[in-house]
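1. Fold the stuff below for me.
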Amino acid sequence: MSAGSALEVFGFANNVDDARSSVLRSIREARSRAGIQPHELGRLIRLANPFIVDKIENGTVKPSSSEILSMMAILGVPLDRVLPLEQLDADMRNLWSKRMQQADAGPVAHAEEGELDPDISLGLFIRLTAIRELFPSSGATSK
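-> Modelled structure (predicted):
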């Protein structure tokens, strides 16, 4: 894990396995609450082998960040619930604001007010970066 990783922001820099398990547990619990079978979720996110979702949830198959984000979106699992973000100190805010600019990540509009909210944009950027760090792009086998 490189210095200044997004996982450090959430306190997972030294325990990536716990972070992955936490994300996967949130997905499994949401799927179960929704009454969706693992293979049905696999079909919904267009996995080549939809029956692999059980193995993804148990951590024996490593999905890509896009597969994780697809599962979360379909199940309505918000990123901020999986990766709650505390108040950033000024140094951390500056570091991540610069990284967001370097990545050319656009702003996020606040849905209710229709205005750009830099805090929402920055939080989303850090959370998405953390998901990409936890689940590199190799993936389980999307179609």
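
2. so where's this protein shaky on pLDDT?
-> 1-3, 106-117, 138-143 (pLDDT under 70).

3. the helices in it, which residues?
-> Here the chain has its helices, by DSSP state H, at 6-9, 16-34, 38-44, 53-57, 65-75, 79-82, 90-102, 118-134.

4. Redo those helices as a markdown table? Include mean neighbour count.
-> Where C-beta positions appear, they are placed from N, C-alpha and C, glycine not excepted. A markdown table is the format used below for the helices of the chain (neighbours: other Cβ atoms under 10 Å):
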| stretch | mean neighbour count |
| --- | --- |
| helix 6-9 | 20 |
| helix 16-34 | 16 |
| helix 38-44 | 18 |
| helix 53-57 | 21 |
| helix 65-75 | 20 |
| helix 79-82 | 16 |
| helix 90-102 | 13 |
| helix 118-134 | 19 |
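
5. roughly how far apart are the closest residue in space to residue 92 that isn't next to it in sequence and residue 122?
-> Leaving out its chain neighbours, the residue that sits closest to residue 92 by Cβ to Cβ, 6 or more residues apart in numbering is residue 9, at 6.7 Å. Distance, residue 9 to residue 122, by Cβ to Cβ, to the nearest Å: 10 Å.
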